[in-house]
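In: Just the structure for this:
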Amino acid sequence: MTVATLLSDLEPLATTDTVGEALVALAEARVAHLPVLDPTGRLDSIVTEAALQAHPEHSAPLGALVAGEPVVIGLETHVFDAAHLMRQHGLSVLPVSEEDGSYAGLVVRADVFGQLAHMLATEEPGAILVLDVARGDFSLGQVAQIVEQNGVRILSISTEDDPGAGRVQVTLKLNVSDTARVRHVLAHYDYHVVAVFDEAEDDLEGRAAAFLRYLDV
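Out: Residues are numbered from 1 along each chain as shown. Predicted coordinates for the structure are as follows:
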């Protein structure tokens, strides 16, 4: 799943827009960042609400503001990578460019994490199992076989690797609520179940955050 399907209809700012106009646009869009395009329609920068509020002159054009190289992704960027960049840089929106570098649009944090949560099956009913295993003993194929041979389907799977401890936590979202049989068989193969949840109760980004941790570098 790429960000090409998640482009927002939010309009970018222009370098000729003023600080005051940009603050109004951010408030109306309910975001803390917006991309700024130069007169040729190419990405110039990303403005932040905090920086605009701190600027002493609301009539100053955005083109006069000093800005670093903006974070930008391509249309074929995967949702996982987009979410990682948003968390890494604390962005509420992320500009998207065409192959030639021209501006293609933007994606909004809520849409990216919403798609991510959907891909992780957080909206589907079913139980969640968290396994703790040694890195050298973990076999994704074996875990899938154990679960599925008991008539249970894995809706999603994610891992959190702890190289320092030599352990891996594996989170399984299953299509059943009764996991007694699956847990028993997993234990037989020395897969230690450390937590069981009937429902995902966290907010949208919280449900996806565990999966994204292993993307952080």
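In: starting at the chain centroid, how far to stretch 176-186?
Out: Here stretch 176-186 is found 29 Å from its chain centre; the criterion is C-alpha atoms, centre = their mean, to the nearest Å.
In: which residue ranges form the helices in this protein?
Out: 19-29, 49-54, 79-89, 109-119, 140-148, 180-188, 204-213 (DSSP state H).
In: Turn these into TSV, columns for distance to residue 5 and mean pLDDT.
Out: Using the backbone N, CA and C atoms, a C-beta is placed for each residue, glycine as well. Listed next are these as TSV, based on distance: least, C-beta to C-beta, whole Å; pLDDT from 0 to 100:
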stretch	distance to residue 5	mean pLDDT
helix 19-29	20	96
helix 49-54	27	93
helix 79-89	9	92
helix 109-119	8	86
helix 140-148	27	89
helix 180-188	34	89
helix 204-213	17	58
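In: Select, out of those, the one closest to residue 173.
Out: The closest of the helices of the chain to residue 173 is helix 204-213. By C-beta to C-beta, the value is 9.7 Å.
In: quick one: the nearest residue to residue 45 once chain neighbours are set aside and residue 29, what's the gap?
Out: Distances taken as C-beta to C-beta, 6 or more residues apart in numbering place residue 67 nearest to residue 45, at 3.5 Å, with adjacent residues excluded. Distance, residue 67 to residue 29, using C-beta to C-beta, to the nearest Å: 19 Å.
In: which residues does residue 48 form a beta bridge with?
Out: Beta-bridge pairing for residue 48 (DSSP bridges): residue 33.
In: Is there a neighbour count for it? I'd like the number.
Out: 18 (other C-beta atoms under 10 Å).
In: now do residue 37
Out: By other C-beta under 10 Å, neighbour count at residue 37 equals 21.
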